[in-house]
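Participant: sequence unknown, structure follows:
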């Protein structure tokens, strides 16, 4: 079979569910477009001779049962939902690449020794309801009724009403599957590292840990004309010193540390008043927990020092503190070998700076991820795209990884 | 007569027009409160034996006619309007201190040689309609019908409808008075320099020139997790460098240069996106035109250099460029001597960092200003206050200045 044309046919079909005129997809959890997509995926799995089952919340599995170790499952897939006006690859490519790889393996090698299961996770993005990883968290019984019992979408529709209307319900059992021997997720990079370094495959070493802060500084609002520089407690000046110094320090520490000051609002935020107050965000990420913790301490020390030097009060609110998720070393090696076989040295061992379902799986089962490049690094955008030859290479590497995991003793 | 009690009685009376429960005044141009205040002021001038006249737009004069040089006028006063929820001193103190000083001089010395005219200017703040200095600009025929013909207040009332309803109209003549030999304005400092230096009187040397910019930088919005520091064009980082470097430079140049980055809005202004665009304001002021121009060039050069070093595009929009207004050297000396006589060395020669009616007058007639301290530098606020002994000192200095100008040969 031809991998490219098989993928292109499937991609065209599934992009139509929630597909937008300008390209891309809006396919929110439990929406009509989402229901149509998972039902069509169910039918497609059946056509391909896979054993199909939904779990309670709407995660969909298509199993190619193993001949010898049928109770050992090699899981592969990603999420079926998208952001609003998202691309056609974020999530969907992980499911379709798995389906194409399994179809190829089945046609070429027949039944595997271990079971291969293609997985469509119900939700990852948190784009309709304020809750992320609904699919993968349910897979491991991590999502609770109380987490979503009161949440609503932008139109005031309750999470559970939308779920029930789709024919799904809360998880009915606390049991967690113990048959999963590996989980492999293929995803677009959503960054431009691979493109910049001209690599075809990213072998993911882990998903970065992440800390997010909201910082508030209070100085004194003053008249911009009548207040000499020496009598000011100007929070924008203090903020700028913090941004400049910490950015310099982050660059010194080096990749893969990233530091972002994405949000800032001074008060009163008007041209002729010295800003007496400022609120801003800090987002920092690294794959190394110790290094991330050390840098967070530097961040907090810098804020305190600048605030004190300028006679300001400060509030440091660390509201997100996610640990790094490391991928499984043995499967990384298998993925790396498969990448080598397919693209020579055109691959890169790299952390993922974005969150993925794989980070939930990594806490419970041996997990790996591989990236294909994103053109211009663009994602969460209808212009999200990857060269077709790179998508094909991603499928080929996945196929070889699954062959190693499911067809070999 | 007792200056303090005379002033306090007048202040209490006039603070009631637009007076607020929490203290302070809201008295907007051509509002019922404004009309009541100017009508009461007209009556008060008459009671004090002054010759009263309104001009077309509502500027009110109370003249104590000179015995020898009646066609030479020494003008003193300020504006009768306030900002929304303003204090009881901003503007009003300039009128009432003039009235008290003239009453004192008249009682003590009788008729002056030259005419003294107490002036209530209709409007300075631009708080009801988007137009400032309506009073003083009309005094010199600088305000045109076309400037205000289409403007409205927040409730959609047209400027000219409000003016006509108050019984006033556009200026009917282009003639400008040639009898004014001096204008002296007393005002609260609206800053905290005098308080910080423990001075009772500020002898104003001039009103600073002022440049205001809106700056836009465009870099590239990126995912905060997947974009390494080396691949970013982060506009917040560029902005912070500009703020830090220019603030350092402004401090090096020293007082009275002031530099304020009061407004900033990055795009998209969210925690997990590298800000690809930023818009911010710059306000810089100095009494020396050449120095202000030189610093403005440094500002523009710095923005260009930082933008270019970070591969960003920039837009530099200088939308306000007001020249400094220097006070008259001879009258400054008279004010300084009067200050010395009243408060010893507890006075300070200083520029005004805020705009005042005096800057309009200074282009046409010999002009001087004197400041009294503002507690905590607070103004444009109902908590605006000055110690009563400082208010009295301000009136005493003004009285001595007017004596020099109007009673001496």
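Facilitator: It's in. As the structure is a prediction and not an experimental result, all values here were calculated from the model.
Participant: measure whichever residue of the stretch 201-350 of chain A sits closest to chain B to residue A:273 for me?
Facilitator: Of the residues in the stretch 201-350 of chain A, the one nearest chain B is residue A:226, at a distance of 2.7 Å by CB to the nearest CB. Just so you know, the C-beta spots here come from the backbone N, C-alpha and C atoms, and that holds for glycine as well. When distances are taken as CB to CB, to the nearest Å, residue A:226 and residue A:273 turn out to be 11 Å apart.
Participant: Same question for residue A:35.
Facilitator: Counting by CB to CB, the separation of residue A:35 from residue A:273 is 52 Å.
Participant: These two: which has the busier surroundings?
Facilitator: A count of neighbours by other CB atoms under 10 Å in any protein chain shown puts residue A:273 above the other of residue A:35 and residue A:273, at 21 against 17.
Participant: Could you give the backbone dihedrals for that one?
Facilitator: Backbone geometry at residue A:273, expressed as degrees, to the nearest 10, gives phi -130, psi 130.
Participant: Please apply the same query to the one 5 residues further on.
Facilitator: With angles defined as degrees, to the nearest 10, residue A:278 shows backbone torsions of phi -150, psi 140.
Participant: In contact with it: list those residues for me.
Facilitator: Neighbouring residues of residue A:278 by CB atoms under 8 Å, 6 or more residues apart in numbering or on different chains: A:216-217, A:235-236, A:238-239, A:264-267.
Participant: rerun at 6 Å
Facilitator: The neighbours of residue A:278, taking CB atoms under 6 Å, 6 or more residues apart in numbering or on different chains as the test, are A:217, A:235, A:239, A:266.
Participant: which ones among the residues you listed are found in helices?
Facilitator: Among the contacts of residue A:278, the ones falling in helices (DSSP state H) are A:235, A:239.
Participant: Dump the contacts of residue A:278 to JSON lines, plus distance to chain B and pLDDT.
Facilitator: Supplementary listing: the contacts of residue A:278 in JSON lines, determined by distance: CB to the nearest CB, whole Å; pLDDT from 0 to 100:
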{"residue": "A:217", "distance to chain B": "14", "pLDDT": "98"}
{"residue": "A:235", "distance to chain B": "10", "pLDDT": "98"}
{"residue": "A:239", "distance to chain B": "7", "pLDDT": "98"}
{"residue": "A:266", "distance to chain B": "6", "pLDDT": "97"}
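Participant: So in terms of bridging, what pairs with residue A:317?
Facilitator: Note on residue A:317: beta-bridge partners by DSSP bridges are residue A:214.
Participant: does it really touch residue A:216, like I thought?
Facilitator: No - here residue A:317 lies out of contact with residue A:216, judged by CB atoms under 6 Å, at a distance of 7.7 Å.
Participant: neighbour-wise, which of the two wins?
Facilitator: Taking residue A:317 and residue A:216 together and counting by other CB under 10 Å, residue A:216 has the greater number of neighbours (19 against 11).
Participant: ok, the more buried one to residue A:82 distance?
Facilitator: The spacing between residue A:216 and residue A:82, counted by CB to CB, is 34 Å.
Participant: Now do the domain split for chain A, please.
Facilitator: A:3-207+A:324-407, A:209-322 (the TED database).
Participant: distance between the shortest one and the chain's centre?
Facilitator: Offset of domain A:209-322 from its chain centre (CA atoms, centre = their mean, to the nearest Å): 27 Å.
Participant: okay, how far is it across it, tip to tip?
Facilitator: In domain A:209-322, first residue to last residue: 5 Å (CA to CA, to the nearest Å).
Participant: ditto for the longest one
Facilitator: The first residue of domain A:3-207+A:324-407 is 19 Å away from its last residue (CA to CA).
Participant: Show the average pLDDT along that domain.
Facilitator: When pLDDT is averaged along domain A:3-207+A:324-407, the result is 97.
Participant: does it come close to chain B?
Facilitator: Yes - using CB under 6 Å from any CB of the partner chain, domain A:3-207+A:324-407 comes into contact with chain B via A:190-191, A:353-354.
Participant: Please name the strands paired to the helix or strand that contains residue A:369 in the sheet, noting orientation.
Facilitator: When secondary structure is defined using DSSP states H and E, the element that contains residue A:369 is strand A:367-372. Take DSSP bridges as the rule and strand A:367-372 pairs in its sheet with strand A:180-188 (parallel), strand A:201-207 (antiparallel).
Participant: Past that strand, which element shows up next along the chain?
Facilitator: In the C-terminal direction, the helix or strand that comes right after strand A:367-372 (DSSP H and E) is helix A:388-402.
Participant: helices or strands up against that following helix?
Facilitator: Identification of packing neighbours for helix A:388-402 by 3 or more CB pairs under 6 Å, 6 or more residues apart in numbering or on different chains; DSSP states H and E yields helix A:3-15, helix A:92-109, strand A:180-188, helix A:329-343, strand A:367-372.
Participant: Let's see that with 10 Å instead.
Facilitator: If contacts are counted by 3 or more CB pairs under 10 Å, 6 or more residues apart in numbering or on different chains; DSSP states H and E, helix A:388-402 sits against helix A:3-15, strand A:69-79, helix A:92-109, strand A:114-121, strand A:180-188, strand A:201-207, helix A:329-343, strand A:367-372.
Participant: which one of these is the most hemmed in?
Facilitator: Most buried of the helices and strands packed on helix A:388-402 by mean neighbour count (mean count of other CB atoms under 10 Å in any protein chain shown) is strand A:367-372; its value is a mean of 28.
Participant: Run the angle between that strand and strand A:69-79 for me.
Facilitator: Relative orientation of strand A:367-372 and strand A:69-79, computed by axes from the mean of the first three to the mean of the last three CA atoms, to 10 degrees: 40 degrees.
Participant: where's strand A:367-372 relative to the chain centroid, distance-wise?
Facilitator: When distances are taken as CA atoms, centre = their mean, strand A:367-372 is centred 11 Å away from the chain's centroid.
Participant: relative to helix A:329-343, how tilted is it?
Facilitator: Using the same axes, to 10 degrees, the direction of strand A:367-372 lies 30 degrees away from that of helix A:329-343.
Participant: what's next to the helix or strand containing residue A:146, contact-wise?
Facilitator: Assessed by DSSP H and E, residue A:146 sits inside helix A:145-148. Residues outside helix A:145-148 that contact it (CB atoms under 10 Å, 6 or more residues apart in numbering or on different chains): A:57, A:129-131, A:134, A:137, A:158-160, A:163, A:170-171.
Participant: among those, which ones are buried?
Facilitator: The neighbour-count test (16 or more other CB atoms under 10 Å in any protein chain shown) applied to these identifies A:57, A:129, A:134, A:137, A:159-160, A:163, A:171 as buried.
Participant: which one of those residues sits closest to chain B?
Facilitator: Distance ranking of the buried ones among the contacts of helix A:145-148 against chain B, using CB to the nearest CB, places residue A:129 first at 18.2 Å.
Participant: so how far is residue B:16 from that closest one?
Facilitator: Using CB to CB, which is the criterion applied here, residue A:129 is 56 Å from residue B:16.
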